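# Here is the input, now give the coordinates:
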Amino acid sequence: MTDRASDVERCRAALGRDIDVAVFAPGRIEVLGKHTDYAGGRSLLVAVDRGFTVVAVARADDAVTITDVATGEKAVLDLVAREATDITFTADPPWVRYPETVLRRSTQNFPQARGGADIAFISDLPIAAGLSSSSAFVVGVFMVLAAVRGIADTAAYTSAIRSSEDLAGYLGAVENGFAFGELAGDAGVGTHGGSQDHTAILCARAHSIVQYSFLPVTFEREIAMPDEYVFVVAASGVRAEKAGGALDAYNYMASQTRRLVEIWRAAGAGNETTLGAIIASDEDAALKLRSIVTTTQADDALLERLAQFAAETDQIIPAAARALASGDVNGFGTIVDRSQFLAEHALHNQIAETVFLARSARELGAAAASAFGAGFGGSVWSLVRRSDAATLERTWRERYLTTFPQHCNSATFFTTPASPAAAPLQ
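Numbering: from 1, shown residues only. This is a model prediction of the structure:
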């Protein structure tokens, strides 16, 4: 884990003056909850001890600058005499779309809270690795802008956002472009995702796994981490970027859940607006929807998606939480194996590298292991005893890079406890 005080000092040095606010926004592990949040399902979540350090200082004008401390790249946004929908950047490094979206949307939703800022950031998260680096960036940028601009003091904010869960739901909407209550939406960043990542980042609890359901973001339970266990994470080195073909594949899985809702409603089976609400409406709802799809659509892909969602959100996650809460770590691992199987054979979002990592972690003695995130690349977590973590991390890496030597310069392995949520840095 990087020294956060050192990161703050590097950011301050990049800006060349004292700062007004500094925050840390961690990445996250989706313990379980594969492609469930945007459809009203549930997830088990933890934050990791890596993430984004973001600092800001107010300016006397309305300009906003954002500096990547690691590369020196800088984007400049001029807000003077512009409407929020006309905001554009004068530079375009690849990461710009995230702060651009935050700035545009927050200016649109909270027009009374304006003012310039110089922002700098640095991160020790693997990028595009399924650890929610983009959402951590969004959260961090919003937190410092909110502090500098006084966003939380506006009537629009206080009427719409009254808790960390509300803020997570709002920032999920910032990314996907949807409205949040009375706060109008816009283009977002192009993904049709939900607010799972933002919930983990803003609502995680140290030494615990949290269970949330979504649409709206709702806390369900906290499960203490088993004594002496930590997570070892393997970032495969295959970037899980939500762009190009990967973006299309991600959005396709989201569209499948919306299509299932449309089929349900068209058949007159109910008026639910999310797949999660359908599954929760009756113990036989999943079977009923399956029958409707089989009769009217003959779409095997939709049936696979329905089976995966219903199992993950209504069976696997509750059973996994019960196993952990009772101290049954071995039972937890068996339940997680089923989630991984469905990712491979129903979601079809796994690649050779993530399949290998999940299986080899179990072979090496991990109590549980699973791929997580959007898929089509990304990372795998394993749950191991703290005393075994260093050995497993080393052996896991060696075995992986022997099999996939092409990733020797891009794969990352690290150990993390269940860590606290995003917070200001003193």
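
# Report the buried residues of the longest strand along the chain.
Using DSSP state E, we find that the single longest strand of the chain is strand 42-58. By neighbour count on 16 or more other Cβ atoms under 10 Å, the buried set for strand 42-58 is 42-57. Where C-beta positions appear, they are placed from N, C-alpha and C, glycine not excepted.

# Same check on stretch 93-110?
Neighbour-count burial for stretch 93-110 [16+ other Cβ under 10 Å]: 95-110.

# which residues does Val210 contact?
Val210 makes contact with 44-46, 200, 203-204, 219, 221-223, according to Cβ atoms under 8 Å, 6 or more residues apart in numbering.

# Buried ones from the residues you listed, can you make that a PyMOL selection?
Buried members of these, defined by 16+ other Cβ under 10 Å, are picked up in PyMOL with:
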select buried, resi 44+45+46+200+203+204+223
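
# quick one on the thing from earlier: ok, the buried residues of stretch 93-110 vs Ala155, which is closest?
For those, the closest approach to Ala155 (Cβ to Cβ) belongs to Phe110, at 9.3 Å.

# any idea how the protein splits into domains?
Following automatic domain parsing, the chain resolves into domains at 4-220, 226-259+309-416.

# can you redo the ones you listed as a markdown table with distance to Gln297 and mean pLDDT?
Below are the domains of the chain laid out as a markdown table (distance: least, Cβ to Cβ, whole Å; pLDDT from 0 to 100):
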| stretch | distance to Gln297 | mean pLDDT |
| --- | --- | --- |
| domain 4-220 | 17 | 92 |
| domain 226-259+309-416 | 9 | 94 |
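
# Show me the one of those that comes nearest Ala423.
Across the domains of the chain, closest to Ala423 is domain 4-220 (Cβ to Cβ), at 6.4 Å.

# ok, which stretches of the chain are strands?
Using DSSP E, strands in the chain cover 21-32, 42-58, 63-68, 74-78, 117-123, 208-213, 218-224, 229-235, 368-372, 379-385, 412-416, 423-424.

# Including distance to Thr354, could those strands go into JSON lines?
Shown next, in JSON lines, are the strands of the chain (distance: least, Cβ to Cβ, whole Å):
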{"stretch": "strand 21-32", "distance to Thr354": "13"}
{"stretch": "strand 42-58", "distance to Thr354": "17"}
{"stretch": "strand 63-68", "distance to Thr354": "28"}
{"stretch": "strand 74-78", "distance to Thr354": "33"}
{"stretch": "strand 117-123", "distance to Thr354": "22"}
{"stretch": "strand 208-213", "distance to Thr354": "21"}
{"stretch": "strand 218-224", "distance to Thr354": "25"}
{"stretch": "strand 229-235", "distance to Thr354": "9"}
{"stretch": "strand 368-372", "distance to Thr354": "4"}
{"stretch": "strand 379-385", "distance to Thr354": "6"}
{"stretch": "strand 412-416", "distance to Thr354": "14"}
{"stretch": "strand 423-424", "distance to Thr354": "31"}
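
# looking at these, which is closest to Phe332?
Closest among the strands of the chain, using Cβ to Cβ: strand 368-372, at 5.6 Å.

# Need the CA coordinates for that closest one. PDB is fine.
This file holds the C-alpha atoms of strand 368-372, laid out as PDB (Å, rounded to 0.1, in the frame of the first residue of the first chain):
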ATOM      1  CA  ALA A 368     -12.500 -19.200  -2.400                       C
ATOM      2  CA  ALA A 369     -11.700 -17.500  -5.700                       C
ATOM      3  CA  SER A 370     -13.700 -15.800  -8.400                       C
ATOM      4  CA  ALA A 371     -13.300 -13.400 -11.300                       C
ATOM      5  CA  PHE A 372     -15.100 -10.100 -10.800                       C
END
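
# How far off centre is it?
Mean-position distance between strand 368-372 and its chain equals 15 Å (Cα atoms, centre = their mean, to the nearest Å).

# Between strand 229-235 and it, find me the angle.
40 degrees (axes from the mean of the first three to the mean of the last three Cα atoms, to 10 degrees).

# who touches strand 368-372?
In contact with strand 368-372 (Cβ under 8 Å, 6+ apart) are residues 29-32, 34, 130, 329, 332-333, 336-337, 339-340, 343, 350, 354-355, 357-359, 361-362, 378-383.

# Report the angle between it and strand 42-58.
Relative orientation of strand 368-372 versus strand 42-58 (the same axes, to 10 degrees): 60 degrees.

# Would you mind getting the angle between strand 368-372 and strand 379-385?
Comparing the axes of strand 368-372 and strand 379-385 via the same axes, to 10 degrees yields an angle of 160 degrees.

# who does strand 368-372 pair up with?
Partners of strand 368-372 in the sheet, by DSSP bridges, are strand 379-385 (antiparallel).

# Flag every buried residue along the partner strand.
Quick answer for strand 379-385 (16+ other Cβ under 10 Å): 379-385.

# Equivalent analysis for stretch 3-16, please.
By 16+ other Cβ under 10 Å, the buried positions in stretch 3-16 come out as 4, 7-8, 10-12, 14-15.

# Closest one to Asp284 out of these, please.
Using Cβ to Cβ, the buried residues of stretch 3-16 come closest to Asp284 at Arg4, 50.5 Å.

# my read: Val261 touches Ala269, true?
No - using Cβ atoms under 8 Å, Val261 makes no contact with Ala269, being 10.3 Å away.

# between these two, which one's more packed in?
In this view Val261 and Ala269 are compared by other Cβ atoms under 10 Å, and Val261 has more residues nearby, 20 against 17.

# The more buried one and Ile279, how far apart?
Taking Cβ to Cβ, to the nearest Å as the measure, Val261 falls 11 Å from Ile279.

# Mind naming the longest helix for the chain?
When the chain is scanned for its longest helix (criterion: DSSP state H), the result is helix 244-266.

# okay, that helix in CSV with CA atoms only?
Backbone C-alpha positions of helix 244-266 (Å, rounded to 0.1, in the frame of the first residue of the first chain) are rendered in CSV as follows:
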residue,chain,number,x,y,z
GLY,A,244,-15.0,-0.6,-28.3
GLY,A,245,-16.1,-4.2,-28.5
ALA,A,246,-15.8,-4.7,-24.8
LEU,A,247,-18.2,-1.7,-24.2
ASP,A,248,-20.7,-3.3,-26.7
ALA,A,249,-20.5,-6.7,-24.9
TYR,A,250,-21.0,-5.0,-21.5
ASN,A,251,-23.9,-3.0,-22.7
TYR,A,252,-25.4,-6.0,-24.4
MET,A,253,-25.6,-7.8,-21.0
ALA,A,254,-27.4,-4.8,-19.5
SER,A,255,-29.8,-4.7,-22.4
GLN,A,256,-30.7,-8.4,-21.9
THR,A,257,-32.0,-7.6,-18.4
ARG,A,258,-34.1,-4.7,-19.8
ARG,A,259,-35.4,-7.0,-22.5
LEU,A,260,-36.5,-9.6,-19.9
VAL,A,261,-38.4,-6.8,-18.1
GLU,A,262,-40.1,-5.8,-21.3
ILE,A,263,-41.2,-9.4,-22.0
TRP,A,264,-42.6,-9.8,-18.5
ARG,A,265,-44.6,-6.6,-18.7
ALA,A,266,-45.8,-7.3,-22.3
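
# Many thanks, I have nothing further to ask.
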